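1. predicted model and sequence follow; I will ask about them next.
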Amino acid sequence: MTTQTAAGDPARSSSWAPLTHRAFRRLAAGRLLVYFANAMAPVALAFAVLDTTGSTTDLGLVVGARSLANVALLLVGGVVADRVRRTLVLQGSALAAAGVQAAIAASVLLHAASIPLLVLLSALNGALAALSLPASAALTPQTVPAELIRPANAVMRMGTNLGAIAGSSLAGVVAAVLGPGWGLAGNAVAFCGAALCFLRVSATPAKEPGEAGAAGPARPLHELREGWREFTARSWVWIVVLQFMVVNAVVAGGVQVLGPVVADDTFGRGAWGTVLAAQMAGAVAGGVLAARLRLRRGLLLGVALVAVEAVPLVVLAEAPGAVLLTVAMFANGLALEQFGVAWDVSLQESIPADRLARVYAYDALGSFVALPMGEMAAGPLAGHLGTHTTLLSGAALVALVTAGALCSRQVRTLTSASAPAQSLEAEPVTG
């Protein structure tokens with residue numbers, strides 16, 4: 001590992017420099033496989049539920065159970081990731097997720113699936129994701145030098161998006177050709193591969209919790225209070241999290257629950273997987289752009305671009321065709337990636353490393369807490385108001401809360417420590 005940090009060093013200025021670090025490559029490969037599996041799961045599971053009962057309300061219950069369990073254990077995951085070796089957390093959660101997905105696949109393939117069983121197994125999967133998410137997010141800056149944090153986050157997100165593209169595309173095709181059970185079986189295999197990748201990730205002992213002597217006995221409530229103080233100390237953090245509390249609920253209900261229903265009634269299941277993959281393809285393109293640009297006020301741009309989340313909802317309501325929806329989802333992914341990279345960089349530059357996982361946990365809790373409500377409410381709302389009105393109302397709500405977040409002065413003025421100080425404009429990174 002080179003220690004040269006001169007500004008003119010090509011290895012340091014290249015968008016792909018993080019890939020020269022072995023620990024980063026292994027972490028990126030493991031996360032790619034996790035996202036591949038997690039992208040297949042909701043598509044395959046959605047069609048498995050529709051095949052079992054045909055009920056939109058049942059679909060919301062199954063999808064919502066995962067989100068509810070995820071939200072319930074996120075704070076536990078943050079505390080664990082700041083005390084226990086994060087690589088160990090990732091390995092264990094990936095192996096356990098493989099077992100759960102194998103059980104879901106077996107129940108579907110053997111025609112033994114029932115809504116209570118699918119709800120239970122979906123909840124277990126959400127609990128495992130809650131344990132791994134803070135560890136996964138906080139581990140990235142431990143695998144590269146500080147000056148590579150921005151390109152590392154961009155490359156990591158490109159990898160996870162590529163995994164999601166492959167997963168969502170394959171899930172739609174497999175569900176249409178072989179049945180959703182085989183898509184769920186593929187999840188189990190992918191999680192096993194992720195566990196093998198995480199097994200070979202090694203972070204610097206001085207930086208990795210649980211190594212070289214973790215400090216003192218566990219005091220979970222005290223540690224949660226420490227994380228809460230870090231989370232609330234900066235208004236831009238909790239304001240953006242509040243924004244996403246609403247946006248994620250709306251999009252989860254509109255896209256994850258009502259989307260498959262609209263697809264079944266119009267352009268078909270196979271094309272729905274392609275539509276979801278288009279969003280991930282846009283995110284990959286957005287990641288390339290984010291890696292090569294250094295924005296002093298990247299968070300401002302990213303928060304504003306969240307409004308693009310409303311576009312696919314409008315298209316689903318007004319013109320649910322595969323081509324137009326694919327274009328809308330691509331643009332959505334391109335825009336949201338600018339936010340995602342800016343958000344990760346802002347947190348990693350501002351929050352102390354030993355409390356970062358807990359802040360990520362509060363971030364995820366706030367952002368995801370309304371997901372089960374959005375997913376479970378989508379079916380009944382569509383039944384009462386109509387799918388068209390429900391989707392358009394959600395689009396309007398996304399635009400409204402985005403405008404509200406932009407009213408914050410801290411959101412508008414926060415600057416990145418790794419961006420050039422002499423300019424507020426984007427500057428391409430050489431490489």
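-> Alright, I've got the coordinates.
2. pLDDT below threshold where in the stretch 1-150 of the chain?
-> The model of the stretch 1-150 of the chain has pLDDT under 70 over residues 1-14.
3. hmm, try it at 90
-> Along the stretch 1-150 of the chain, segments meeting pLDDT under 90 span 1-23, 25, 28, 34-93, 97, 100-101, 103-150.
4. how about the stretch 151-300 of the chain?
-> For the stretch 151-300 of the chain (pLDDT under 90), the answer is 151-188, 199-233, 252-253, 255-299.
5. with the stretch 301-431 of the chain instead?
-> Using pLDDT under 90, the stretch 301-431 of the chain drops low at 317-322, 336-338, 340-342, 344-380, 382-384, 386-387, 413-431.
6. show me what the helix or strand containing residue 32 is packed against.
-> Element membership for residue 32, per DSSP states H and E: helix 22-52. The contact analysis (3 or more C-beta pairs under 8 Å, 6 or more residues apart in numbering; DSSP states H and E) places helix 22-52 against helix 56-83, helix 86-109, helix 115-139, helix 149-177, helix 180-199, helix 258-265, helix 269-292. In this view, the C-beta of every residue, glycine as well, is placed from N, C-alpha and C.
7. what's the burial count for residue 114?
-> Neighbourhood size, residue 114 [other C-beta atoms under 10 Å]: 11.
8. list the contacts of it.
-> Residue 114 makes contact with 52, 107, according to C-beta atoms under 8 Å, 6 or more residues apart in numbering.
9. could I get the phi/psi values of it?
-> The phi/psi pair for residue 114 (degrees, to the nearest 10) reads phi -140, psi 160.
10. how close does it get to residue 107?
-> 8 Å (C-beta to C-beta, to the nearest Å).
11. likewise for residue 277?
-> Residue 277 is 26 Å from residue 107, by C-beta to C-beta.
12. neighbour count winner among these two?
-> Set side by side, residue 277 and residue 107 show more neighbours around residue 277, with 26 against 19, by other C-beta under 10 Å.
13. nearest spatial neighbour of the more buried one, skipping sequence neighbours?
-> In this structure, residue 277 finds its nearest non-sequential neighbour in residue 169, 4.1 Å apart by C-beta to C-beta, 6 or more residues apart in numbering.
14. and residue 388, what does it touch?
-> 317, 318.
15. what about it, distance to residue 382?
-> For residue 388, the distance to residue 382 (C-beta to C-beta) stands at 9 Å.
16. sorry, back to before: need the helices and strands packed on helix 22-52 in a markdown table (columns: distance to residue 367).
-> Compiled in a markdown table, those are given as follows (distance: least, C-beta to C-beta, whole Å):
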| stretch | distance to residue 367 |
| --- | --- |
| helix 56-83 | 10 |
| helix 86-109 | 19 |
| helix 115-139 | 11 |
| helix 149-177 | 16 |
| helix 180-199 | 23 |
| helix 258-265 | 20 |
| helix 269-292 | 17 |
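17. with respect to residue 30, which of those helices lies nearest?
-> Closest to residue 30 of those is helix 180-199 (C-beta to C-beta; 3.4 Å).
18. how distant is the closest one from the center of its chain?
-> Its chain's C-alpha centre lies 18 Å from the corresponding centre of helix 180-199 when counted by C-alpha atoms, centre = their mean, to the nearest Å.
19. can you name the residues in contact with it?
-> Here helix 180-199 has contacts from 26-27, 29-31, 33-34, 36-38, 40-41, 43-48, 51, 87, 90-91, 94-95, 97-99, 101-102, 104-105, 108-109, 167, 170-171, 174-175, using C-beta under 8 Å, 6+ apart.
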